[in-house]
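J.: pasting the sequence and the predicted model now:
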Amino acid sequence: MGNVRWHLMMSLDGFAAGPGHSMDWMSGTKVAPGVHHEAIATLGAVLGGRRGYDALTQRVPGQAGRQPYGGDWTGPVFVLTHHPEDAIPDDTVTFLDCDLTEAVEIALAAAKGKDLEIHSQDIARQCLELGLIDEFHVHLAPVMLGSGVRLFDSPGTPPVHFARIHDGDPALAVDLRYRPVR
């Protein structure tokens, strides 16, 4: 069975999406060569949330179920919602109205041994609380948004520690240096 991975790009000030779930702030940001190819090769299904789905549907009509990675990946996309009956239909999306654990099980089964990617900060937070996240992949973009959808918005939650996946000390912090573009 594949892993459940939380994979996203984040601004320097901790936002995973701009106001209204906008993603246009990522335009022009690059990731290291091979990163998307590796993610695509291991991706079997995507699980997202209703707020992000609705925001995309309102912003770009007919594009709500568009496939991740600019269309370089195609596969099962699931949207978890308590009200599938009033969602704008999209034949590329399966709407799920169940508890989160069941939604993850359904999406992992559809992934057929590959990874399930979580595309919702709220769902990812809940998966983390339930112990369902296997890996966290984050790309830090050189931009500050000031507002939007926070990466991890869970006041009162105890710290969640991660061990880096690489050769070397798993507790070693990543040092980043930027200067403002003028």
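T.: Nice, I can see it. Just so we're clear, the structure is a prediction, and the values are computed from it rather than from any experiment.

J.: hey, which helix or strand in the protein has the poorest pLDDT?
T.: helix 50-59 (a mean of 80; mean pLDDT, DSSP states H and E).

J.: and residue 79, how many neighbours?
T.: Residue 79 has 27 neighbouring residues, counting by other CB atoms under 10 Å. Yep, even glycine has a C-beta here, placed from its N, CA and C like the rest.

J.: and it, what does it touch?
T.: Contact partners of residue 79, counting by CB atoms under 8 Å, 6 or more residues apart in numbering, are 47, 48, 49, 50, 53, 87, 93, 94, 95, 96.

J.: nearest residue to the third one in space, ignoring adjacent ones along the chain?
T.: When the adjacent residues along the chain are set aside, residue 49 lies closest to residue 120, with 3.4 Å between them (CB to CB, 6 or more residues apart in numbering).

J.: what residues are up against that neighbour?
T.: 47, 48, 49, 51, 52, 80.

J.: partner residues bridging the first one?
T.: Read that as residue 47. residue 78, residue 118 (DSSP bridges).

J.: and the residue nearest to residue 29 when sequence neighbours are not counted, how far from residue 26?
T.: The shortest distance from residue 29 to any residue other than its chain neighbours is 4.6 Å, reached at residue 141 (CB to CB, 6+ apart). Note on residue 141: its distance to residue 26, by CB to CB, to the nearest Å, is 6 Å.
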